[in-house]
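Undergrad: only the shape, not the letters, is given here:
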């Protein structure tokens, strides 16, 4: 956690050009009391973005089968084979809770005291975003008793209760007067643009209400329809950018996996997963060339999820299955200045498409939003969609198809669009919608269908039944030694978060 805090604070200072101001502060910046909110807010923003874009992003990339462990290394075999222990996310829980959330609360309080509703709004909505990340990881979180220095054992509230409270909090924030207060610096995400922050809040609320839309006992359909009809949503991606090719200033995933553990130009642990690479190549989808490199020995080849630990390193070439080495596989392409994204534009189009499908029964408008999402995704990869959206083409959205067929097409494209940009969101949507389809087979099996989420070649989830995929992470192990009100630890990774209630589709 100290490393993450150092990076986030240092990055905030560098990006704001406020080094001298920061060094004049005679208080611990990780526990600010009188620090100027314009300095605390960017540190909190950096904390959130770097945590989400670092190890959470890395783990989710394996769970989404965007990438898989290279057979020439072993660093992430536990992710690749679902052999995750109870301590895996504790550093990142600590950073989100004691770092980002604590700082956002401090800014909210200071801004409220001074009547600065602009800063209060931004800190408030970002605290909602951060809590949602925690809930989608752990299912529960300290909320009603959280961040109280006099209470070292806060209760962990149910995910459903906190979700409902957060959605209500956005409603309350949107009642604020966003012209009140001074906010001329200290925002790394949207550069103090309050119109975009209002849109951010509404887009976040739409995302959260779609997230829980398959959960029993909740009905946000009226609010979803109102948000989509009003269309006061983001029309751009939102990210922490301005990374540079210097120590501790690169993208956090790149910094760890390329600069520290890799060759300096690529990761030695991450290669393409056959799940996504083969699907894209089979469909003449050129985005794969921006996601993965050509193998040193020629061509684009991935390995099977969970195969490296078993020593399986096979690929198909010229119609023949061959044993390969590291030079036969496509490594992950990842630039040092890749922004850490909170939202990407394609997913916003896809959210609207889902809303039109499920809540308006309007496949025609859904198709328009879907087409916009796919086109925007190709643009992010510096290529063109070409004819892939035309009638008869593989990505054509058929307005006469069944709702499930339309949802499968939509969510599969959303899954692809989030690859390498926001892997965590990809994993959340995979769990929520069960699309792409989950397969009953590993990717090496002749019955496996390209593009489905494959059973890892080695799978260490010991749950009974067909559900052999990670649905969340364990509660942070370190919390049990300092919080007497922790919930009981879960038995395995198939214990679902509360909103994960849609029936899993397991297809041959």
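TA: It's in. Predicted model only: the values in this text are computed from it and were never measured. Numbers count the residues shown, from 1 in each chain.
Undergrad: show me where pLDDT drops low in this structure?
TA: 1-34, 312-322, 324, 464-466, 505-508 (pLDDT under 70).
Undergrad: quick check: longest helix of it.
TA: helix 117-138 (DSSP state H).
Undergrad: pull the distance from it to the chain's centre.
TA: Taking CA atoms, centre = their mean, to the nearest Å, the mean C-alpha location of helix 117-138 is offset from the chain mean by 15 Å.
Undergrad: heads up, I number from 41, so please use that
TA: Yep, numbering from 41; the last one is helix 157-178 now.
Undergrad: now residue 427, nearest residue through space, not along the chain?
TA: residue 433 (5.6 Å; CB to CB, 6 or more residues apart in numbering). In this view, the C-beta of every residue, glycine as well, is placed from N, C-alpha and C.
Undergrad: for the one you found, grab the count of nearby residues.
TA: Per other CB atoms under 10 Å, the neighbour tally for residue 433 reads 13.
Undergrad: state the next helix or strand along the chain beyond the longest helix of the chain.
TA: strand 181-182 (DSSP states H and E).
Undergrad: partner strands of that next one and their direction?
TA: For strand 181-182, the paired strands and their directions (DSSP bridges) are strand 196-197 (antiparallel).
Undergrad: counting by contacts, list what the longest helix of the chain packs against.
TA: helix 77-93, helix 130-134, helix 142-154, strand 181-182, helix 199-213, helix 234-251, helix 463-473 (3 or more CB pairs under 8 Å, 6 or more residues apart in numbering; DSSP states H and E).
Undergrad: wait, which of those is closest to residue 104?
TA: For the helices and strands packed on helix 157-178, the distance to residue 104 is smallest for helix 463-473, at 4.6 Å, taking CB to CB.
Undergrad: off-centre distance for that closest one?
TA: That offset, for helix 463-473, works out to 8 Å (CA atoms, centre = their mean).
Undergrad: one more: stretch 203-217?
TA: 22 Å.
Undergrad: what is the neighbour count of residue 276?
TA: For residue 276, using other CB under 10 Å, the count is 14.
Undergrad: for residue 424, which of the helices and strands packed on helix 157-178 is the nearest?
TA: helix 463-473 (22.8 Å).
Undergrad: and the next element down the chain from that closest one?
TA: Beyond helix 463-473 toward the C-terminal end (DSSP H and E), the next one is strand 478-482.
Undergrad: what about the helix or strand that that next one is followed by, distance to the chain center?
TA: Sequence-wise, the next helix or strand downstream of strand 478-482 (DSSP H and E) is strand 493-495. Using CA atoms, centre = their mean, the distance from the centre of strand 493-495 to the centre of the chain it belongs to is 20 Å.
Undergrad: separation between residue 473 and residue 252?
TA: 13 Å (CB to CB, to the nearest Å).
Undergrad: so what sits against both of the two?
TA: Residues touching both residue 473 and residue 252 by CB atoms under 8 Å, 6 or more residues apart in numbering: none at all.
Undergrad: number of nearby residues for the closest residue in space to residue 458 that isn't next to it in sequence?
TA: Closest residue to residue 458 apart from its sequence neighbours, by CB to CB, 6+ apart: residue 466 at 3.7 Å. Neighbourhood size, residue 466 [other CB under 10 Å]: 25.
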